[in-house]
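[1] When you get a sec, could you give me coordinates for this:
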Amino acid sequence: MARSKPLRPGVVAAATGLLVLAGLAAWWFLRADAPMDAGDVDDLMEEWDGAPLPPPAAPPTVTAPRRAPSSLPDAMVPQPDPDAAPEPLAARRTQTRLFGTAQVKPIYDRYDVQGVRVTRIAPDSFWATVGVVEGDVVVEVNGELIDDPEAMVSLMNQMTSAPVLLLRVRGADGAERLIDYRVPRPGSPTR
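    As a prediction, the model looks like this:
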């Protein structure tokens, strides 16, 4: 095994000087409005007296405005009308509503996608209409395995527009089940 030679003190000093010079050049460049040229480096070396550089200025702190607690009694807070007509199915099938009424997260086994877990499902969401329940993992949609990012996009696209959804889901207990959902014909009641 070959022995490495120890560094000579002159080499260490030269390397340290170059690092200091590079740091000063970067500091000068960041604080100056104009681009730096070779003459600026000489000016920097003349200005630097070996003292440590001042610490950077702290960024301004931004605080969120505080909201006053609601002074309205519970009876005055708007509540959903139970007698109101249900929201149209098409409105519940938009991507905004699909993501806004449930949390959809991919499930990974190392680097491989194993499906998407659906949680926090709102009662009026399309996920609930289809029959997906809290904690279900969707592993297949219309015969396509959810095993890569493209398949996850395909799932969301089919959830928004496909007239037939055949989902294979794995429940929280590990049992798999099939969900067959078909968009109701116009004029028929929705689920």
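
[2] hey, let's count contacts and neighbours off CA atoms from now on
    Noted.

[3] quick one: L89 from R170, how far?
    L89 is 25 Å from R170, where distance means CA to CA, to the nearest Å.

[4] So for these two, which residue has more residues nearby?
    Between L89 and R170, R170 has the larger neighbour count (other CA atoms under 10 Å), namely 21 against 15.

[5] ok, now which ones touch the more buried one?
    Listed by CA atoms under 8 Å, 6 or more residues apart in numbering, the contact set of R170 reads D136, V137, V138, V139, E176, R177.

[6] So which of those is the closest to T101?
    Nearest to T101 among the contacts of R170, counting by CA to CA, is D136 at 14.8 Å.

[7] Need the per-residue pLDDT for the spatially closest residue to the closest one that is not a sequence neighbour.
    Closest residue to D136 apart from its sequence neighbours, by CA to CA, 6 or more residues apart in numbering: G171 at 4.6 Å. If you check G171, the pLDDT there is 94.

[8] Next, G171: phi, psi?
    For G171, the backbone dihedrals (degrees, to the nearest 10) come out as phi -80, psi 170.

[9] Okay, domains of this protein per the record?
    Structural domains of the chain, as assigned by automatic domain parsing, span the residue ranges 9-47, 89-182.

[10] Highest mean neighbour count out of those?
    Across those, averaging neighbours per residue (mean count of other CA atoms under 10 Å) puts domain 89-182 on top, at a mean of 17.

[11] So what would you say the end-to-end distance of it is?
    Domain 89-182 end-to-end distance (CA to CA) = 12 Å.

[12] Cool, thanks, signing off.
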